Every structure is written in structure tokens, then in C-alpha cells.
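1. how would this look folded up:
(2 chains)
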Number of protein chains: 2
Amino acid sequence: MLPAEGRRRVQIEGISPEIDGGRFPIKRTVGEEVRVEVDIFADGHDVVNGVVQYRPETSYEWSEVLLTPIVNDRWQASFTVSELGRYVYTVLAWVDHFISWRRGIAKKIAAGQDVSVDILIGAQFVEEASDRATGNDSVQLKTWAATLRSIQQEDAVILEQKILSPDLLALMNKYPDRKYATTYDKELAIVVDRERASFSTWYELFPRSCGEPGKHGTFKDAQARLPYIADLGFDVLYLPPIHPIGFQFRKGKNNTTTPEPDDVGVPWGIGSEAGGHKAIHPDLGNITDFEEFVAKAADYGMEIALDLAYQCSPDHPYVKEHPEWFLHRPDGTIQYAENPPKKYQDIYPINFETEDWQNLWEELKSVVLFWIDKGVKIFRVDNPHTKAFPFWEWMIGEVKRDYPHVLFLAEAFTRPKVMYRLAKVGFSQSYTYFTWHNTKWQLTTYFEELTSYPAYEIFRPNVWPNTPDILHEYLQHGGRPAFMIRLALAATLAANYGIYGPAYEVCENRPVKEGSEEYLNSEKYQIREWDLDSPYTIKHLIKQVNKIRREHQALQSNKSLKFHNTSNEQIICYSKQTDNFSDVIIVVVNLDPYNTQSGVVSLQLHLLGLNPYQSYQVHDLLTDAYYTWGEHNYVELNPFVMPAHILKVNPIR
Amino acid sequence: MLPAEGRRRVQIEGISPEIDGGRFPIKRTVGEEVRVEVDIFADGHDVVNGVVQYRPETSYEWSEVLLTPIVNDRWQASFTVSELGRYVYTVLAWVDHFISWRRGIAKKIAAGQDVSVDILIGAQFVEEASDRATGNDSVQLKTWAATLRSIQQEDAVILEQKILSPDLLALMNKYPDRKYATTYDKELAIVVDRERASFSTWYELFPRSCGEPGKHGTFKDAQARLPYIADLGFDVLYLPPIHPIGFQFRKGKNNTTTPEPDDVGVPWGIGSEAGGHKAIHPDLGNITDFEEFVAKAADYGMEIALDLAYQCSPDHPYVKEHPEWFLHRPDGTIQYAENPPKKYQDIYPINFETEDWQNLWEELKSVVLFWIDKGVKIFRVDNPHTKAFPFWEWMIGEVKRDYPHVLFLAEAFTRPKVMYRLAKVGFSQSYTYFTWHNTKWQLTTYFEELTSYPAYEIFRPNVWPNTPDILHEYLQHGGRPAFMIRLALAATLAANYGIYGPAYEVCENRPVKEGSEEYLNSEKYQIREWDLDSPYTIKHLIKQVNKIRREHQALQSNKSLKFHNTSNEQIICYSKQTDNFSDVIIVVVNLDPYNTQSGVVSLQLHLLGLNPYQSYQVHDLLTDAYYTWGEHNYVELNPFVMPAHILKVNPIR
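-> Residues are numbered from 1 along each chain as shown, chains lettered A, B, ... in the order given. Alright, predicted model coming up:
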């Protein structure tokens, strides 16, 4: 069967970014650029031309930006997204007969050939363009057509001046003949988030540990901690689940199955007679207290991130109200969480294969809407990889359609493809393997992957040197220098990072037992008191690093990250910069928490916008020292003093 | 909006092969394998399982082959295509609750846990499967369910024997629960050609040069040449256009614009009063002569490939009958071919932007159908990159739907993306840059690209050391050894290759002028006589190399091509083998046509199915010499004697 229109001669292929053949959107924040590359070409020798078209999904008007050739039939164009929500983009390309004609006649004039007939052909193109144009442009084009028709072959100088006039070209380029233009067969999507999606500084806090010694802390107590956290420079305060905690099979201190009567339980064991995912633990306060807490945090420039853990304690109201949402065993009991032979009898997972999945989905979504209504804009989602992907894609899509400012962080520590898929189905940020990557090789290969296509288009890493679940042996053994090193790395490798505090700033490093990544006396199972004023804390470094992050745009994005060679496996060096090199930061870190390390870092200066034949100044933002550097530079870092350089580059003009 | 079914938990992504998001088919020949790789995974810890489904496009019945895991959520499955025409394939995957259960209960049994309830869960899965099964399988499954229900927890040995029985697993695997299976959202296509699409040996011949000295040759004369060409081992005989040649602006010998009255003209200047693309040049004979020629060639095991050159001389009947198919200039003349400042006044290109494009397309297709009716099965298409892509995709698709045995070779020497796109829109084979790639680096990088994904899925290289248009300077200066070298390379690097003869076998190497790739006294413009019996010809080598190709399956495909290190830039070494290593060929060529070269070739023996710690025998199929080889082997090749080894590997058992 013949196609509807057989004269669309331009072929469009190899477009990037395009995720899984257009199945998933890319991610951007307001004001960010989208650089599109694409192969466009036609048969024969005619000149092709094209545009990237883009628009907010809700708009009917395309904006356009002209493609420019790179090499080998590859073209590129960039545009900026300025509104929250979803955008779409595509490519339109056509054979440009006017430009083909112009190129041909130029060669003929140069060869002294008779072009009198060619001039008439050109005049015809110009006349046709004048019909497509309006107003003054149309008049001008008509005049140009007349001018061309009046040209005498004899006058070679006039020929060139008139026919090849850049003014005529510019005017013609405004009205190309797109009669047989080809449109790329897909509209590709962009999710545009607010800036905090790509640049954020997180602090995880158990509010129940903020009370008077020996007492269960409340939101009011936690409120008193806000100035401290804000002063350290954090802008997202993440709370483990704040809901009522179940009693059946409650865990005791250090994860024992024989709790004391006054043990507080695990916040992730959600639900009791006091309520479920829409209720607040009575010991923390009530909804009004929570709303006040959210408002106070906002006064300090901080947002509250809630924990979204879709699972139930055996006491959760859902268990009675919606037994069909859980898997039942032949003996009539409900299936608790298992990873055979391990059993987690305090947790009932939700069965996403329930017959009643539609109502389940709606209810789970209503939990998010409930907290959005209470002022929450960020959700840290617990173990999203154990809940069905189609649910996430639907739920996040629905929520962000109405509340495009809401962000979701995926707490998935699992296989790489599962982690990337969660990002693709809609999570705004993602936990990473950073916690387990401590060597130069690990950090380099992993962050090179994360900042390469296509990962960087979809996956926004949020890196954590510790969490309540993970105290890496590097921290267990490396002492205070290890905490300084991992802080410096997290804060400069990734624009989104967080710490679980105050465990981090006080350098809590005791595991429950040798070989375990669990904390001794973990806050997951009990209330902890922390000495925030000990001289051993690294709070001053944290404050300083967060200040540097705020003041230096280079550190507020990951896309420019480049690693540089060093002569010592214990010394890592990398750089970040703004697109126009207005802010260039070089980071050097000694990865060895036990010894002073020295060596030579060799910088790829052209990547930093620097002249390789000229020296430049670097200003250490941690120590306020100044150095004159070149391509190869000696460094020496004592981890007990300061294990890192964060260097601002000052070119010498 | 909720999806229709939210319980399809398996995610399917990263499928290969998949060309441009499924826009284009891959290529295979009858009996070839398709190896599909895909990422499949679900949320949580359940076991997933899946199949590749495939069928001829005209069938409604899917065949299936089970996926097996490779690593990191990547799975693979292979199937064989057995019918000519188009196939489609896709992936279906599901969460396998029975296998998940089996894995879990095995761990619980090993840990000595009570599994009495778990056994009942398993029995339920088996009962459900018995409902899906039929006949004896159903009965057996019912028996298994009863057996499970009767098991006593106490007897651990029986527990393992029964519950983990491989028989039960095999039976259950026949009836998996696919209620919530996910189907990949695309059906991907395969074009299945006959074997000659991937393994063919071409000889290009001007029939008009086959006559008595001084006379225009006919098909009858060319018929007399058939035994000679067949004896050299060729199986495709390609003829430049056999149609009437125009007179207006006819070119004379050596491309002069001042022809003598008896100059025969260029076969590509198609069309005169004697007819166009469906007519035969009167001096060659008539349609009956042609049909007889095709039949005779078939008797010698050779197919005739016709030249499909969609362009017209000013005398072509189309010019009068369909003036609207050409571009008209303001002075009333028809636009001849140009590449400013060059003019080709003897050629009118077809205007694919004509208003009458539907009729044009149908007429062009009818040309192909006309010659198919006369017994032609292969078309060598002249400059397809100067005709619109949508036309090719439509025309080749239409023709192959009804005549799936018909093959099209794209004679496009242009930019890489244009060449690949022509392959994607339907061309069965493609000319390459081989002719210009003469160094080890050029050959290695180019053939590695051609045999890598995705190129090898869509682009079948047909390599030519010479053509009537291209006499590379390597051949101009390298003498007889150069012709031997390029023959050996072409015939062993690519399963499809061809030569333009007799120019090639007689080592014709005179250019029309220094710096040109055109032949002196080119057969394009005049009749040539060739001395086929001169001792200077390389016909014996050609015959021997073609015999080796026929006898060695390893050389009949490109996908196993691997390059091996050599210590000398003038010595290239590569290997090809069958999948099961039944035929392994190592080729070593001296690329220097002037000097004996020696060096050490270092083989990746594991790629050849050889034990790296054991020697093996190689048999030189060109010289009949035998050598005992290991990993590193000294070679020395005198180009005046024999510039290549073609070594058959004989492992020592």
C-alpha cells in the first residue's frame, strides 16, 4: 500500500536523549537545558534543514529551535525548559531547495558559468516564500524576487552580491518550504521538576530522640532542633515514619524478638489501633503539631521529607478493613514478610496481585495526597523495589500531574537495572551504591556511569555516607577522618546528598557486632541521646562544606563531573564546573583515613576552560590557602587535619 | 487513569536485536539463528520466567523458546528461522510463583523449619496447574498435588525428594501461570532471505565486450563466456544495464563529450526510441535471447543480477510520456543531472517530488516485476542514495511480499548513515568502503564495525576490490601482487564479494590519468577485448579461493570474524569459524604488494575453540603446506609468490 505522502524525503534517526525508544521521559529542573542530537539526511545532494520542536504537554503551541550540523549527518539544538510539569519534544526536518540552489549557483558563478536560468529558479523560490511570509517580510521578499529577475548575467560582482546576499538568506530561512517536511514519529517527554530535585542537602532525624533524656521526643522537641540543623546548612529534613507503631511481634533493642514493655518499636512497623499511614504516633504529637513543625522548618528554609513505607504491622487498620490486600495462607494466617529462612513476623507486605488492586492503588495514592495536604512536598519511599512498578508509574504520574512540585526519593538498594527502572517509572531522586564504594576505582567507574548517557538523563543520585541501616566498615574502622573523607566525597561528587544524623556528625561508628553494618543500639529500635557539642563532632566541617555547596553553582549539578589522573591510588581528584566556566571547582581527597598521602594530580586543563600553557590560582575553600597550579601538581593531605582540598579555580587573566 | 490490568509486575527492557526502537527489521537467511537478549525482572524477590515468542508474519501461531538467565537480570534465548519471508518476535515474561515457592521451601527445609503450611501452598499451585494442563499431564499433576498433601512434616528426606522433585518441576514448567504475564510492547520483525543473500560470489561482465574482435557482443556471445565464469567459481553474474542507450549528449571513449558515430555509449544512459527500462538493447539481442541466457546461466549454477538504474537519457520514452516525472526549468528545458559546476547532460534524474509520485512509484516497481517475470532474482541497484528512501522501503517491501526470494544490492558509496539507512529500509546487500580501505588499521576498524551490533543485524556487506568506476591507486601501482592481495582479502573478509572482470583477473591497472580512479579506455564508454589466457592473469588463484569458500562454511558468514595481533603493520591476521568450531579458518595476508614481509601473529586461541596449552595443525589451503602452530607463530609472505595464508585449523585430539 502506498503511503499517504511519499515525498517526505528526509530521514530522522538516532535521536538523543530518548529513553527506551521513547517509553520514558527524561528529567530536568526549571531553567535547565535540553540538548538534542539527531541524525537527519535525505537522498541525493540536496541541503537538509530542521528544527527541534518542544512545548509544555498542556500547550498546543510548539516552540522551535534550529538544528545545526555537528559532523557526519549528526545535528544538534538546545532549548531551556522554564515551567514545572511535563514537556514534549520532537524533530521536524525538510529538504531546503533554496539553500541547495544557493550553494549550487555559488559554485557556478565561481566557475564563470551562465546562470541566467538558475537566477529565474531562485526568483521563483523567493516568490513562493513571499506567499508564505506576512507583512513587511512578504513585501521584502517580493522586492528580492524582482531584483533577482532584473540581474544581468554579465555582471559577476552584482551576481554574487545579490544572489548570495546574507540578508536574503536570513529572510528566506524564516520561511522555509516545509511542504514535504518529515516529523519524527515520536513525541519524547520531559519531566520538569523544581530545582531541589537536582540540588538538595538532606538530614535524617528521628524526632523521638529529640526529647529530654529518658523521654520520648515530640514534634515540639524536634522543633527545637531545627535551628541547629538549619545552621549546618541542610535544606531537607527527612523523618522516618511518624505513624503509630504496631505491637504484635514488636522488636526490642538491638533487633531482639523479646522487647521490654517500654521499648518503642521500629517506626517502619506501621499501624496500630491509633491508626495507620494517615495517622501520627500519639507520642510524637498530633496533626496540628506536625503542621506547625512543617511550617517552622520552612521558616528555616527546610522542607520535611516524609517516609513512605507501604507495609503494615499486624495491628494496622488495613489488616481488618482490607484483609483482601494481604496474602492468606492455607491455615488462615496472613503471610508475613519472609526471605527464607529469615522471617519478619512484625511486617505484613501488601499483595500487589490482589483482586482488589484498583481500590488498593487508590488508597495508597490517597496517603500521599493526605500528607501533601498537610504541607509535605517530598517523599522518601522505603524499598520501592518490593512494590509493583506499574503502581509507581501510575501513582507518581497521577500525583505529579496535579502537584508537579512533589518529589519522590527511591530508597532502593538492589540490582542496577531495577534501580534505573524505578527512576524511569518516575522517582525524582534515587539512593545509590555510594555507601559501599570507597576506593578510587569504585568511585570513578560508578560516578562515570551515573554521569554518562543515558543514566544522567533519568537517574538523579542522592548519596548517603550512612543511613540507619548502613554503617559501612570503612566508617567503623576509619574513625573521625573516615567521616570527614566520606562527607567531603558525598557533598562534592553528588549535587544531592544526605547524612543520617546526629549519628554522622558525632562519628558514631560502633556496629552491633563485628562484620555487621547495623549500628549498636540502633535508633531503629530505641531512643538515643547524642552529644552534639562534643569537640569530636565534625559539625563545623559539615557546615562549611554545605556553605561551599550553596555558594558554588559548579557543585549544584553532576553533569560536568570529570575525573583526573593522580599518581597515588589513595588520592582521588575530580572537577565540576558551570557550562560557561564561571565557576570551576577541583576536589582532591585522600581516601586513606589512617595515613597522610601525597602525590601528583594531573589535570585535563582544557576541560576546565584553562590554557594549558599558563598557570592559574586555586583557592582552597576549606583552609583558605592559595596555590599557584599548572597541569601537574603536588598534593599532600593529612586525614587527621583535613583530608580534602575543595579548590576554586581563579584563572590568571 | 488506572491501567486495564495493574498486576503485570514483570518489566521488560533492553531487548536486542531491536533496530531503531523496532522501526526496522533485522535480516536473516533460512536456517539461521536469532539470538535474543533482554532484561526481565519484577519487584521484590519472586522468581521471574519468560519466553521469546516468534512466528512467520503470516501465521497466527506463536512458537516459544524459554529464556535462560545470563547475568545481572539479562536473559537470552535463540531460535531458528526456517521459512522465507518475514517473521516477528517478542518477549513474554511472568512472575513464577511455583518456582519462587520451590526456592523458598528448599531453604526452609535446609534450615529445619516447619513447612507444613508451605506444602499446602505448593499443593495449591500444582492443582491450579493441573487445571491448565490437559490429558495425562493433568492427571499426573493431580496425583502430585495429592502426594504433596499427604507428606508428613517429620520425614525430611521424603520432603526433599517429593517437594523438590525435578520431575514435578519439569511438569510445572510446562504449565506456568501466565495470568499476569507482561508482553513486550512491540513485535519486532525479521526479513528472512535465501542463503545467497549472505553468501554469494559475484562477477560483473559487460556482455557487449564478449563478441568477436571489433564487433558489439550479444547475449549469445556472452553465453559462450558462461563456462569460463562458472569454472572460476562465481554464482552471481551481474550485468550493467542491458537497455537501449540514448543518443543525445552521448559520451565518447574515455568520457569525451565528442563521440565518434560508432561509439557505443554508456549503458547507464538508459532509453532511446528502442525503449526504456523494460527493453533490451537491440545490439545485445531480444527478450528471448535474454531469457535463454538466464536459463543457461542457471544450468551453470549462476544467477543473473540486473542493474536497476532509475534514471533516463534524454531519449527515454518516459521523457515524452511522463514529462511531469522530471524537473522543468523556467526556460522549458528538463533539468539534467548536476553536481555544480559539473554537468551531466546525458542524464535526466527522476524528480521524486513530482505531483504524480504514485504513478511514478508504480511504474518503477513494474520495471522490477517485469524482469522478475523474465527469471531475474537479483537486482544491483545503481546509486539508490539519490532516490527517495520512502520509495525504496515501499517498493522492496511490496516486491518481497510477493517474491521473498528476490534480492537487492545497494550500490551506494556515500556517507555511513545513508548507507546503513538503505540497508534498514530493505536492501538485502550493500556495497562498502572496502575498495578504499587498504591498511591494517582501516580494514580492522571497518570490519569490526560491520560485524558489531547493530550493523551486522541489518547490513550485509558485499565487497569489491574493483568496479568499472573504481580502480584504486593501490591496484594501479601494486601490480599483480596487489590484485592477489585484494582478492584474498575480499573473498575471506566478507561472505559476499565480487569482482569486475575480466579487468580484475587480467590485472588491468591503467588509470585514465594520474590521480584518477577511472580506468583508461573504460568499458563504460567502449567495447574492450581481454586476453583471458595470458599467464599474467590471476584466474587460477580466483578459482582456488572460490573453491575454498564453497568448501568451508566458516567463510560463508561474517559474524564470527575476529582480528588477531601481528607484530608487523603490513601483516593482517583474522579468523572465522562455525558456531561449533567444526570449521575454523585463519587468514594471514601480507598487505605490502612490493616486499616480502615477515612477523609474528599472536592468536586468541580460546576464540578458536583451541586449548591454549596445546599445539595444533594448520593446513594452508592455498599452498597445501602443513604447519604446527601455537599461540605465537612466525609467518613470512612473498607477495610475488603468494601473499596470503588461508589456513584450516586441525586440532590435535
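2. so where's chain A shaky on pLDDT?
-> Residues of chain A that meet the criterion pLDDT under 70 lie in A:153-154, A:653.
3. Can you pull the domain assignment for it?
-> Here the domain assignment for chain A is A:11-192, A:195-555, A:562-651, based on automatic domain parsing.
4. nearest to residue B:316, of the ones you listed?
-> Comparing the domains of chain A by their distance to residue B:316 (CB to CB), the top pick is domain A:11-192, with 19.3 Å. No exception for glycine: its C-beta is placed from N, CA and C like everyone else's.
5. Give me the contact status of that closest one with chain B.
-> Yes. Using CB under 8 Å from any CB of the partner chain, domain A:11-192 reaches chain B at A:11, A:13-14, A:18, A:20-23, A:39, A:41-45, A:72-73, A:103-105, A:107-108, A:110-111, A:113, A:117, A:120-121, A:124, A:180, A:185-186.
6. got the residues of the stretch 251-400 of chain A near chain B?
-> A:329-331, A:333, A:338-341, A:352-353, A:357-358, A:361, A:385-391, A:394.
7. Mind doing that once more with 7 Å?
-> Proximity of the stretch 251-400 of chain A to chain B, by CB under 7 Å from any CB of the partner chain, involves residues A:329-331, A:338-341, A:352-353, A:357-358, A:361, A:385-391, A:394.
8. which ones among those are found in strands?
-> A:338-339 (DSSP state E).
9. Out of the residues of the stretch 251-400 of chain A next to chain B, which sit inside helices?
-> A:357-358, A:361, A:389-391, A:394 (DSSP state H).
10. ok, back up a step: of the domains of chain A, flag the one that's most buried.
-> Most buried of the domains of chain A, by mean neighbour count (mean count of other CB atoms under 10 Å in any protein chain shown): domain A:195-555, with a mean of 19.
11. Could you list every helix and strand that the host helix or strand of residue A:139 packs against?
-> Per DSSP states H and E, residue A:139 falls inside helix A:135-150. Contacts defined by 3 or more CB pairs under 7 Å, 6 or more residues apart in numbering or on different chains; DSSP states H and E place helix A:135-150 against helix A:116-132, helix A:156-163, helix A:166-174.
12. wait, residue A:18 sits on residue A:189?
-> No. Counting by CB atoms under 7 Å, residue A:18 does not reach residue A:189; the two are 10.1 Å apart.
13. hmm, back to that, neighbouring contacts of the helix holding residue A:139?
-> With contact meaning CB atoms under 7 Å, 6 or more residues apart in numbering or on different chains, helix A:135-150 is reached by A:119-120, A:122-123, A:126-127, A:129-130, A:133, A:162-163, A:168, A:171, A:174.
14. and the two most separated of those?
-> Greatest spatial distance in the contacts of helix A:135-150: A:120 and A:174, 22.6 Å, computed using CB to CB.
15. circling back to that earlier point, quick one: which of the contacts of helix A:135-150 is nearest to residue A:563?
-> The shortest approach to residue A:563 among the contacts of helix A:135-150 belongs to residue A:174, at 44.9 Å (CB to CB).
16. Skipping adjacent residues, who's closest to the closest one in space?
-> Spatial nearest neighbour of residue A:174, excluding adjacent residues (CB to CB, 6 or more residues apart in numbering or on different chains): residue A:137 at 6.5 Å.
17. try residue A:586
-> Per CB to CB, 6+ apart, closest to residue A:586 is residue A:647, 4.4 Å.
18. Specify the beta-bridge partners of that neighbour.
-> Under DSSP bridges, the beta-bridge partners of residue A:647 are residue A:586, residue A:620.
19. Could you pull out the strands in the stretch 501-650 of chain A for me?
-> Assigned by DSSP state E, counting those that start in this stretch, the strands in the stretch 501-650 of chain A fall at A:562-566, A:571-577, A:584-590, A:597-602, A:616-620, A:626-629, A:632-637, A:644-651.
20. Switch these over to CSV; also include distance to residue B:563.
-> Formatted as CSV, the strands of the stretch 501-650 of chain A follow (distance: least, CB to CB, whole Å):
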stretch, distance to residue B:563
strand A:562-566, 30
strand A:571-577, 35
strand A:584-590, 40
strand A:597-602, 32
strand A:616-620, 44
strand A:626-629, 43
strand A:632-637, 36
strand A:644-651, 43
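21. Which one, of these, ends up nearest to residue B:53?
-> Residue B:53 lies closest to strand A:562-566 among the strands of the stretch 501-650 of chain A, at 44.0 Å (CB to CB).
22. hmm, who's touching the closest one?
-> Residues outside strand A:562-566 that contact it (CB under 7 Å, 6+ apart) are A:444, A:448, A:572-575, A:599-604, A:607.
23. Out of those, which is nearest to chain B?
-> Chain B lies nearest to residue A:448 out of the contacts of strand A:562-566, by CB to the nearest CB, at 17.9 Å.
24. Output the contacting helices and strands for the helix or strand containing that closest one.
-> Assessed by DSSP H and E, residue A:448 sits inside helix A:440-450. Judged by 3+ CB pairs under 7 Å, 6+ apart, helix A:440-450 is in contact with no other helix or strand.
25. How far does that helix sit from its chain's centre?
-> Computed by CA atoms, centre = their mean, to the nearest Å, the chain-centroid distance of helix A:440-450 equals 17 Å.
26. Might you calculate how far the helix or strand just after that helix sits from the centre of the chain?
-> The helix or strand immediately downstream of helix A:440-450 is helix A:455-458, counting by DSSP H and E. Helix A:455-458 sits 7 Å away from the centroid of its parent chain (CA atoms, centre = their mean).
27. Give the pairing partners of the helix or strand following helix A:455-458; include direction for each.
-> Following helix A:455-458 in sequence order, the next helix or strand is strand A:462-463 (DSSP H and E). Strand A:462-463 has its sheet partners listed here by DSSP bridges as strand A:496-500 (parallel).
28. Find the nearest non-adjacent residue to residue A:609, please.
-> In space, and not counting its chain neighbours, residue A:609 is closest to residue A:581: 3.4 Å by CB to CB, 6+ apart.
29. just checking, that neighbour touches residue A:607?
-> No. Using CB under 7 Å, residue A:581 is not in contact with residue A:607; the gap is 9.9 Å.
30. before we move on, back to that, present the ones in helices among the residues of the stretch 251-400 of chain A next to chain B as CSV; the columns should include distance to residue A:213.
-> Shown next, in CSV, are these (distance: CB to CB, whole Å):
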residue, distance to residue A:213
A:357, 47
A:358, 49
A:361, 44
A:389, 45
A:390, 47
A:391, 42
A:394, 46
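31. Report the two of those residues separated the most.
-> Of all pairs in these, the most separated under CB to CB is A:358 and A:389 at 16.7 Å.
32. which residues in the stretch 1-150 of chain A form strands?
-> Taking DSSP E, counting those that start in this stretch, the strands of the stretch 1-150 of chain A run over residues A:11-16, A:26-29, A:33-41, A:48-56, A:63-66, A:68-71, A:74-80, A:85-95.
33. quick one, which of these is nearest to residue B:474?
-> With CB to CB as the measure, strand A:68-71 is the member of the strands of the stretch 1-150 of chain A nearest residue B:474 (27.0 Å).
34. Residue A:490 - that's part of a helix, no?
-> Yes. According to DSSP: H, G, I helix; E, B strand; the rest coil, residue A:490 belongs to a helix.
35. How about the contacts made by it?
-> Applying CB under 7 Å, 6+ apart, the residues contacting residue A:490 are A:434, A:463-465, A:497.
36. any idea how far chain B is from it?
-> Using CB to the nearest CB, to the nearest Å, we find residue A:490 at a distance of 26 Å from chain B.
37. and if you look at residue A:47?
-> To chain B, residue A:47 is 13 Å away according to CB to the nearest CB.
38. give the contact list for that residue.
-> Counting by CB under 7 Å, 6+ apart, residue A:47 makes contact with A:96, A:99-100, A:103.
39. that older thread, and of the ones in helices among the residues of the stretch 251-400 of chain A next to chain B, the nearest to residue B:591?
-> residue A:389 (53.9 Å).
40. No further questions, thank you.
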